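Q: I need the structure of the sequence given here:
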Amino acid sequence: MFEALTERLGGVFDKLTGRGALSEADVDAALREVRVALLEADVALPVVKDFIAKVRLEAVGENVIKAVKPGQQVIKIVYDALVETLGGDGAPEGLRINGEPPNVIMMAGLQGSGKTTTAAKIALRLTKTDKKRVLMASLDTRRPAAMEQLVTLGKTIGVDVLPIVAGQTPQDIARRALTTARQSGHDVLILDTAGRTTLDEELMAEAASIASIAKPNEVLLVADSLTGQDAVETAKRFHERLPLTGLVLTRADGDGRGGAALSMRSVTGLPIKFLGAGERAEALEVFDARRIAGRILGQGDIVGLVEKAVESADREENEKLAKKLAKGKFDFDDMEKQLAQIIQIGGLKGVMGMLPGVQKMKNQIADSALDDKQVHRQIAIIRSMTKAERSKPDLLNGKRRARIAKGAGVEVAEVNRLLKMHRNMSDMAKAMGKGKMPFGMPGMPGGGMPSPEALKQLGSGKPLPGLNPQSGLPGLPGGLPGLPGSNKKS
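A: Numbering: from 1, shown residues only. You can find the predicted model right below:
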């Protein structure tokens, strides 16, 4: 979402940090480029003006000009200004769901913004993380199959959905949902309201009447982050008519310019509570201004990555794997689980995007052909093996490899590369079993990014250069192909 902005700002700050000393003219020149970068990212002009004014006030002071590393000081000032613009330095603001049940969450937004999918994502999060009993209800009587979509999503994630009764108005459905939630002992009721392709008085009046009936604890506006300034205008218009309490930005995994996130907090004064980063029900991130600012400045989000890994981790499976690794064992079943976990926590692109310095290595990453298709092909190869072959790779002679390649729809050479990768991982597992190497991420000396050579070899089956036994990301139970385990303590 912030890729273009990160790249532009990275270029500006590289120039600053490359200088031994900074003059006021140097700072002004850099801030002009920052201004252009923010405008190109579709940040609202008043927000850009206010942002640049705050940064300049701090950056041209004597403490910065005479600092040992003035370039780093300016970056810190920009980081602090980004955090303030995005919502402040405090902890993320959670949902207001601790009142007398049922606590009502009302979803609002334009058609196509992702309200229904987001409602299901929030319901799943409340169920799994907060251990709440949730009821969802669709109040969208206009969009074809809108109610059926919510029913289907509810079945998929195991959350109750209000039964459909034909002919009821949205207001009637809201009243019935409230009664059902009270009688059934649900902690939270999520109301998925109707949207339109454009803002109109009928939509606003309907949403306002539902809010007066349900008296929601939370009214969340769901906005498509790829629409940029249109999303900001939508938020302003809704906020004028509805008691909005927070924002959710969807499609944050897209190639948007990120301006909506930077503008919406300033323009509306409302906190951004979540980012939707994919179609999967688990693809919902709590919005943390500090982490997002770090991502924008190319510092990554290791904490967020570890949290994703921990959320997707199966403790029992990890314990089993740890015991096997302690004995120096690692078979293709274990490898498949590790590869599947990479996909579950956002895929290779998602993982790499949360690592520090990744933006500066974009070309090397592109050259290395690292993508989720490669991981899916590797999983397909493993699934084309027999049970015996998975547990005993030595059985895989030329004839068997040809059969597996045909079954997976790949070339034999790709099967061979996977076997080499497994061999490397097995060797690491044996070393771990002997206490010679902790769990970690190969090719990441000191916990940093892999070298370009390591990226090109990652997944090729070749040994990774620069392996440092002290490297690794604590708590990351999967990672990238070549990582056999986790040092997460249960």
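Q: where's the residue nearest to M335 when sequence neighbours are not counted, which helix or strand?
A: Ranked by Cβ to Cβ, 6 or more residues apart in numbering and with sequence neighbours excluded, the top spatial neighbour of M335 is H422, at 5.8 Å. For every residue, glycine as well, the C-beta is placed using N, CA and C. Assigned by DSSP states H and E, H422 belongs to helix 412-433.
Q: tabulate the CA atom coordinates of that helix in CSV.
A: Output of helix 412-433 as CSV, limited to C-alpha atoms (Å, rounded to 0.1, in the frame of the first residue of the first chain):
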residue,chain,number,x,y,z
VAL,A,412,11.8,-32.8,-13.1
ALA,A,413,14.4,-30.0,-12.5
GLU,A,414,12.0,-28.3,-10.1
VAL,A,415,11.6,-31.5,-8.2
ASN,A,416,15.4,-31.8,-7.9
ARG,A,417,15.6,-28.3,-6.6
LEU,A,418,13.1,-29.0,-3.9
LEU,A,419,15.0,-32.2,-2.9
LYS,A,420,18.2,-30.1,-2.6
MET,A,421,16.3,-27.6,-0.5
HIS,A,422,15.0,-30.3,1.7
ARG,A,423,18.5,-31.8,2.1
ASN,A,424,19.8,-28.4,3.2
MET,A,425,17.0,-28.1,5.7
SER,A,426,17.6,-31.6,7.0
ASP,A,427,21.3,-30.8,7.5
MET,A,428,20.3,-27.8,9.5
ALA,A,429,17.9,-29.9,11.5
LYS,A,430,20.7,-32.3,12.3
ALA,A,431,22.9,-29.5,13.4
MET,A,432,20.1,-28.1,15.6
GLY,A,433,19.7,-31.6,17.1
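Q: make 44 the starting number, not 1.
A: Okay, residue one is now 44; in that scheme the one you just asked about reads as helix 455-476.
Q: and that helix, how far out from the chain middle?
A: 29 Å (Cα atoms, centre = their mean, to the nearest Å).
Q: buried residues, it. List them.
A: 457-458, 460-462, 464-465, 467-469, 471-473, 475-476 (16 or more other Cβ atoms under 10 Å).
Q: same check on stretch 227-236?
A: Buried-residue list, stretch 227-236, by 16+ other Cβ under 10 Å: H229, D230, V231, L232, I233, L234, D235, T236.
Q: how long is it end to end?
A: For stretch 227-236, the separation between the terminal residues is 22 Å (Cα to Cα, to the nearest Å).
Q: ok, residues contacting that stretch?
A: Applying Cβ atoms under 8 Å, 6 or more residues apart in numbering, the contact partners of stretch 227-236 are 140, 144-151, 158-159, 162, 165-166, 169, 175-183, 189, 193, 203, 213, 217, 220-221, 223-224, 249-250, 253, 257, 259.
Q: narrow these to those in helices?
A: 158-159, 162, 165-166, 169, 189, 193, 213, 217, 220-221, 223-224, 249-250, 253, 257 (DSSP state H).
Q: ChimeraX command for the buried members of these?
A: The ChimeraX command for the buried members of the ones in helices among the contacts of stretch 227-236 (criterion: 16+ other Cβ under 10 Å) is given here:
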select :158,159,162,165,166,169,189,193,213,217,220,221,223,224,249,250,253,257
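Q: what's the distance between the spatially most central residue of the chain and T293?
A: Nearest to the geometric centre of the chain sits A320, at 5.0 Å (Cα atoms, centre = their mean). Distance of A320 to T293, given as Cβ to Cβ, to the nearest Å: 9 Å.
Q: now do E249
A: Following Cβ to Cβ, the distance that separates E249 from T293 is 22 Å.
Q: got it, and K449?
A: Taking Cβ to Cβ as the measure, K449 falls 41 Å from T293.
Q: which residues touch the residue nearest to M378?
A: By Cβ under 8 Å, 6+ apart, the contact set of H465 is F373, F375, M378, P436.
Q: who are the contact partners of G54?
A: Contacts for G54 (Cβ under 8 Å, 6+ apart) come out as E76.
Q: isn't L196 right up against A163?
A: Yes. Contact criterion Cβ atoms under 8 Å: L196 and A163 qualify, at 4.0 Å.
Q: so between these two, which is more surrounded?
A: Neighbour totals were compared for L196 and A163, and A163 leads with 25 against 22 (other Cβ atoms under 10 Å).
Q: what's the pLDDT at that one?
A: Reading off the confidence values, A163 has pLDDT 96.
Q: go on, F45?
A: Reported pLDDT for F45: 65.
Q: same check, this time on D267
A: What the model reports for D267 is a pLDDT of 84.
Q: now swap in T199 and tell me
A: Looking at T199, its pLDDT is 94.
Q: which SSE is it in?
A: helix 189-200.
Q: so which elements touch that helix?
A: Applying 3 or more Cβ pairs under 8 Å, 6 or more residues apart in numbering; DSSP states H and E, one finds that helix 189-200 contacts helix 158-171, strand 177-181, strand 203-204.
Q: contacts for the longest one?
A: With Cβ under 8 Å, 6+ apart as the test, helix 158-171 has contacts from 138, 140, 148, 150-152, 175-177, 179, 181, 183, 189, 192-193, 196-197, 199-202, 230-231, 233, 235-236, 238, 263, 265, 291, 293, 317, 319, 322, 324-327.
Q: and those residues, which are buried?
A: For the contacts of helix 158-171, a neighbour count by 16+ other Cβ under 10 Å gives the buried set as 138, 140, 148, 150-152, 175-177, 179, 181, 183, 189, 192-193, 196-197, 200, 202, 230-231, 233, 235-236, 238, 263, 265, 291, 293, 317, 319, 324-327.
Q: buried residues, stretch 127-140. List them.
A: E127, T128, L129, G130, P135, E136, L138, I140.
Q: just those: which are in helices?
A: In helices, judged by DSSP H, the following of the buried residues of stretch 127-140 are found: E127, T128, L129.
Q: take those residues and write them to CSV, including pLDDT and distance to K430.
A: Formatted as CSV, these follow (pLDDT from 0 to 100; distance: Cβ to Cβ, whole Å):
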residue, pLDDT, distance to K430
E127, 87, 57
T128, 86, 55
L129, 86, 50
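Q: state the mean pLDDT of the helix or strand harbouring R308.
A: Assigned by DSSP H and E, R308 falls within helix 302-311. Averaging pLDDT along helix 302-311 gives 79.
Q: list the contacts of it.
A: Helix 302-311 is contacted by residues 44-45, 81, 84-87, 89-90, 93, 125, 128-130, 266, 268, 270-272, 274-275, 278-279, 282, 287, 290, 292, 295, 313-315, 318, 335 when judged by Cβ under 8 Å, 6+ apart.
Q: which residues touch G238?
A: A151, G152, L153, Q154, G155, S156, K158, D183, R186, L246.
Q: that one belongs to a helix?
A: No. Residue state for G238 (DSSP: H, G, I helix; E, B strand; the rest coil) corresponds to coil; a helix is not indicated.
Q: G114 and E127: what is the separation?
A: 21 Å.
Q: go on, R333?
A: Per Cβ to Cβ, R333 is found 11 Å from E127.
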